[in-house]
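> what follows is a predicted protein model with its sequence.
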2 protein chains.
Amino acid sequence: MTTPASRRSGGRSARRAARAAPLAANVRPVRPGLEGGQYRPLTDAQMQRIHETALDALEQIGLADAPQSGIDIMTAAGAELGDDGRLRFPRALVEDTLAKACKEITLPGRNPENDLHLSGHRVHFGTAGAAVHMVDGLGRNYRESTVQDLHDAARICDVLDNIHFVQRPMVARDIPDNREMDLNTIYACCSGTTKHVGTSFTDPSYVADAFEMLHMIAGGEDAWRARPFVSNSNCFVVPPMKFATESCEVMEACIRGGMPVLLLSAGMSGATAPSTIAGAIMQATAECLAGLVYVNAITPGHPAIFGTWPFGLDLRTGAMTVGSGEQALLSAGCAQMHKFYGLPGGAAGGASDSKLPDMQAGWEQMCSNVMAGLSGLNMVYEAAGMHASLLGFCHESLILSDDLIGQALRCVRGIEVDDDTLALDQVRAVCMGGPGHYLGTDATLGRMQKDHVYPSLADRTSPKEWAEKDKPDLIAKATARKEQILSEASAACFPEDIDRALRDRFNIHLPRK
Amino acid sequence: MTTPASRRSGGRSARRAARAAPLAANVRPVRPGLEGGQYRPLTDAQMQRIHETALDALEQIGLADAPQSGIDIMTAAGAELGDDGRLRFPRALVEDTLAKACKEITLPGRNPENDLHLSGHRVHFGTAGAAVHMVDGLGRNYRESTVQDLHDAARICDVLDNIHFVQRPMVARDIPDNREMDLNTIYACCSGTTKHVGTSFTDPSYVADAFEMLHMIAGGEDAWRARPFVSNSNCFVVPPMKFATESCEVMEACIRGGMPVLLLSAGMSGATAPSTIAGAIMQATAECLAGLVYVNAITPGHPAIFGTWPFGLDLRTGAMTVGSGEQALLSAGCAQMHKFYGLPGGAAGGASDSKLPDMQAGWEQMCSNVMAGLSGLNMVYEAAGMHASLLGFCHESLILSDDLIGQALRCVRGIEVDDDTLALDQVRAVCMGGPGHYLGTDATLGRMQKDHVYPSLADRTSPKEWAEKDKPDLIAKATARKEQILSEASAACFPEDIDRALRDRFNIHLPRK
């Protein structure tokens, strides 16, 4: 047995060695798909009431404005078209749909190591949105976002451990033609990351071209259908309780092409949804249940993410607000409803109202991200980089979110309780004749990597060290990291022949590397 | 019935009127003592195991270094002194203590409106700590903290709705004599706020003077004992498993003087407590149970807050870290153990490792604050203003924490589910023949104040408005608010005759107003 002194000294060198070694995936302290669910803002009885009320809403109020194709599909399945043009959904139709709906979804990445498995309370964080501004964090400036900004965001996400998917977070405002914008969005995202990508389409007539592009990237239609690495984020409703006619047509085309869909109901609580948290969740639930009927009437069991995304509103001004506690509750309550149905689901978390990556942004992003994670939300969208109530996207903020989300994921992982972690033997050995402390014990050293998340850019130095290092600025560090990432070769870029073929067939705006 | 158009227009003026009216206390969206507990990081079985292991630790390992007075008190109650000088606690003694310990504590403020009622999962946020630096947020500077800084902090806390108590957050480094420092700390805090104050004493011999001061402030010993508005934050253990001899003597004197005590076990996970979260919680639980035996052997039912405060450690460097996810789990797990015993408890939340009130500070402060609140921690200490892993306190950060904690409290309040909030009738009226939106409906307007927390300094403007307002800086806004608060007369200052008597009797360092 070593003496306390030699054990301590062994501890220091062992710590240095452990720090230098790369972490095997199975001992990383956090990873995609950790199980949440320890936080339950709703009781079972409350979920049951929300469910029953949603069924009432579908049966009594129904949804207006379905396209003719959707009316045909859903009435054939058992929905009823009223004289008022609203489609109503009998309870039995909804219950039958829930029985046959897809309960476990794999969202493939172009690299299979990045596949996401959506089931239970497994949690994943990623980007999303349609910001129209790029935020320069250091310069405190807003400007229109471009396809290059989008591509850079995808490249940054590709190397951040705690960003698990890349749904298009901002709009390529430098491409005025909507068809070209949609196609270049796919190109910009997929050539920047091998993680799963999400996107949307402005018009149903663009979908065929998109599939042509995706088949080329995948190496043929079969390869695409086997591993669809892009999903369709689809705002199929215009709340309250109306189908979005053209988006529904997009959805039909995507389903037929084998693309997973995100059934996205983005009501604004107090404007297009009730101002109460329960009411907004109930309405979004009803709307997504209608969408689920629609999807499963087309292709039973087609992968569809239950996307109840209610947002908040500042009722003093009527402006959207996404960084509030009310927002965090909206998304966490939705996550519980997804689990009530046993469905893979997603909602918004992690967005900020602040214009900049400042203290407000930090607290707003953490609040909804950690609550979404603890509630077991499968897909936390808008989790990183999103500012100005969804109007601005910031690369520096995205990079810092890797630390922020890593911390949230550590919270999701929770507390392990067993003989090893309770450590009674260790307490005994340390206190009774031992060194009187736990620094450098085998138990401490053996767990230092697998139990603890160490941030990359967040600062833990003492005031003295910090001053000696010239008081490093958090945003400046993130900017330096961004420049480093973008200066390196990307593992995600397309093989040269595929890239050439894509550029021959489509008008790709990103310059050739 | 009004038309949609007139209802909308009535909505705008009604919103303006509602905004101008002060909020009655009973309709404020958040307040001290909201019930948490929706987040449960530990299962019932896990809590039982932690409890059983803590009992084993107390029975088999026990605590060293009790003062002779404590040995006499605790052995008379049934503890056993071993040949190794360690006091061991039979299970029956701990169980008997738990049966007679105080389960509901009122912590009075000098103003009864600020009384805190600790029971169940009622949550309160406040300051605490012993920072030695004052952080100048705008100037990015650290300097030694002074008694004036402490008094200013108390004055700021006094006007912030979401800071519910003022435990001394920093040390008056400009008062070299420890007795004078302790007495001036009470003066500086109590003359700055009528909220409940917490403090500590460097030496048992200072306690008598402190009581003399408190009796003078209260208007006599009986008035003090009826409403003890200061409690003793007492680090009665030096983890692992040793009593802090002098602090125990302080505690005995405080209990005899009728002062509530905070039984504070501040182990560092990986140094003075096991590196595992479960182990650190277990050891802190054992230590606080020993403290509870001690307190109740002196005065059965004396108000004692179960202060399991395990802190984190960055094992790469051996430096303390308080802003991590591990820290948030430590405190949330402790909160659950308090409820396992049905005891009022407290732990640390809301502190940051960052040197400045930046994005890192925001995410770190929110993470542990919101998780502490959701877990139902009665007293969230260090919840505001705390930086540099407890070494620095920042007035600007304190002010911003009012928004941050207000948001956390909104999350604690949770989701109300009833017919009104489910809003089916409202959805029907809006969708079927109604305006098609919820803006300005009676239901929306009627709830806009009582359901929603509106931040004071956090920014929700659009990028356009923000640019027009010259891109306001969050920290600069907090500095302006600080200057405004400190320029106004304080409602907490002592009556002139009491102040004169205190200054005649004690060497008060703060200048007379």
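That came through, no problem.

> all contacts plus neighbour counts: C-alpha atoms, from now on.
Will do.

> residues in the stretch 151-300 of chain A within reach of chain B, list them.
Within the stretch 151-300 of chain A, the residues that sit near chain B (Cα under 8 Å from any Cα of the partner chain) are A:240-241, A:270-280, A:282-283.

> switch to 10 Å and redo it
A:239-242, A:268-283 (Cα under 10 Å from any Cα of the partner chain).

> these in helices, which ones?
Members of these lying in helices (criterion: DSSP state H): A:277, A:278, A:279, A:280, A:281, A:282, A:283.

> tell me the one of these nearest chain B?
Closest approach to chain B among those (Cα to the nearest Cα): residue A:279, at 4.1 Å.

> how far away is the residue nearest to the closest one when sequence neighbours are not counted from residue A:52?
Nearest residue to residue A:279 in three dimensions, chain neighbours excluded: residue B:422, at 4.1 Å (Cα to Cα, 6 or more residues apart in numbering or on different chains). Remark: distance between residue B:422 and residue A:52 (Cα to Cα, to the nearest Å) = 10 Å.

> helices of the stretch 301-450 of chain A, start to end?
A:325-341, A:359-374, A:395-413, A:419-422, A:424-431, A:442-447 (DSSP state H, counting those that start in this stretch).

> contacts only, for residue A:40.
A:332-333, A:335-336, A:371, A:374-376, B:37-40, B:374, B:414 (Cα atoms under 10 Å, 6 or more residues apart in numbering or on different chains).

> avg pLDDT for stretch A:249-269?
Averaged over stretch A:249-269, pLDDT sits at 98.

> my error: substitute stretch A:402-421 in the last question.
For stretch A:402-421, mean pLDDT rounds to 98.

> which residues belonging to that stretch are considered buried?
Using 16 or more other Cα atoms under 10 Å in any protein chain shown as the test for burial, stretch A:402-421 gives A:402-417, A:421.

> what about residue A:292, helix or strand, and which?
In the assignment (DSSP states H and E), residue A:292 maps to helix A:277-298.

> before we move on, what about residue A:134?
Using DSSP H and E, residue A:134 falls in strand A:133-136.

> strands paired with that strand, and their directions?
According to DSSP bridges, strand A:133-136 forms sheet pairs with strand A:141-144 (antiparallel), strand A:392-394 (parallel).

> now do the SS call for residue A:72.
When classified by DSSP: H, G, I helix; E, B strand; the rest coil, residue A:72 comes out as helix.

> turn the contacts of residue A:40 into a markdown table, including distance to residue B:446.
Output for those, formatted as a markdown table (distance: Cα to Cα, whole Å):
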| residue | distance to residue B:446 |
| --- | --- |
| A:332 | 25 |
| A:333 | 23 |
| A:335 | 28 |
| A:336 | 27 |
| A:371 | 28 |
| A:374 | 32 |
| A:375 | 30 |
| A:376 | 33 |
| B:37 | 28 |
| B:38 | 27 |
| B:39 | 30 |
| B:40 | 33 |
| B:374 | 27 |
| B:414 | 19 |
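
> which neighbours do residue B:422 and residue A:52 share?
Shared contacts of residue B:422 and residue A:52 (Cα under 10 Å, 6+ apart): residue A:282.

> from residue B:445, how far off is the residue nearest to residue A:279?
Applying Cα to Cα, the value for residue B:422 to residue B:445 is 16 Å.

> between the two, which is the more surrounded one?
Comparing residue B:422 with residue B:445 by other Cα atoms under 10 Å in any protein chain shown, the one with more neighbours is residue B:422, at 25 against 21.

> isn't the more buried one up against residue A:50?
Yes. Using Cα atoms under 10 Å, residue B:422 is in contact with residue A:50, at 7.1 Å.

> find the residue closest to residue A:471 in space, skipping its chain neighbours.
Leaving aside its sequence neighbours, residue A:471 sits nearest to residue B:140 (Cα to Cα, 6+ apart; 7.9 Å).

> pLDDT value on that neighbour, please?
At residue B:140, pLDDT is 92.

> what number of residues lie near it?
Residue B:140 has 13 nearby residues by other Cα under 10 Å.

> if residue A:269 is in a bridge, with which residues?
residue A:273.

> give me the number of residues near it?
With neighbours defined by other Cα under 10 Å, the count for residue A:269 comes to 31.

> isn't it up against residue A:312?
Yes. Residue A:269 lies in contact with residue A:312 (Cα under 10 Å); the separation is 5.1 Å.

> spell out which parts of the stretch 1-150 of chain A neighbour chain B.
Counting by Cα under 10 Å from any Cα, the stretch 1-150 of chain A comes close to chain B at A:12, A:15-16, A:18-19, A:36-43, A:45-47, A:49-50, A:53-54, A:56-57, A:60-64, A:84, A:86, A:133, A:135, A:140-143.

> if we go to 6 Å?
By Cα under 6 Å from any Cα of the partner chain, the residues of the stretch 1-150 of chain A that approach chain B are A:38, A:39, A:40, A:41.

> ok, the residue nearest to the second one when sequence neighbours are not counted - contacts?
Closest residue to residue A:39 apart from its sequence neighbours, by Cα to Cα, 6+ apart: residue B:39 at 4.0 Å. When the contact criterion is Cα atoms under 6 Å, 6 or more residues apart in numbering or on different chains, the partners of residue B:39 are A:38, A:39, B:374, B:375.

> which residue does the stretch 1-150 of chain A bring closest to chain B?
residue A:39 (4.0 Å).

> that residue and residue B:43, how far apart?
According to Cα to Cα, residue A:39 and residue B:43 sit 12 Å apart.

> helix, strand or coil for residue A:126?
Here residue A:126 is recorded as strand under three-state DSSP.

> tabulate the CA atom coordinates of stretch A:452-466 in PDB.
Provided in PDB are the C-alpha atoms of stretch A:452-466 (Å, rounded to 0.1, in the frame of the first residue of the first chain):
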ATOM      1  CA  HIS A 452     -16.900  15.800 -14.600                       C
ATOM      2  CA  VAL A 453     -17.500  18.100 -17.500                       C
ATOM      3  CA  TYR A 454     -14.700  20.600 -18.000                       C
ATOM      4  CA  PRO A 455     -15.600  23.600 -20.000                       C
ATOM      5  CA  SER A 456     -13.500  24.700 -22.900                       C
ATOM      6  CA  LEU A 457     -13.900  28.500 -22.900                       C
ATOM      7  CA  ALA A 458     -15.600  29.200 -19.600                       C
ATOM      8  CA  ASP A 459     -13.100  30.600 -17.100                       C
ATOM      9  CA  ARG A 460     -12.300  29.000 -13.800                       C
ATOM     10  CA  THR A 461      -9.100  30.800 -12.900                       C
ATOM     11  CA  SER A 462      -8.500  32.800  -9.700                       C
ATOM     12  CA  PRO A 463      -8.700  36.600  -9.900                       C
ATOM     13  CA  LYS A 464      -4.900  36.600  -9.600                       C
ATOM     14  CA  GLU A 465      -4.400  34.200 -12.500                       C
ATOM     15  CA  TRP A 466      -7.000  36.000 -14.500                       C
END
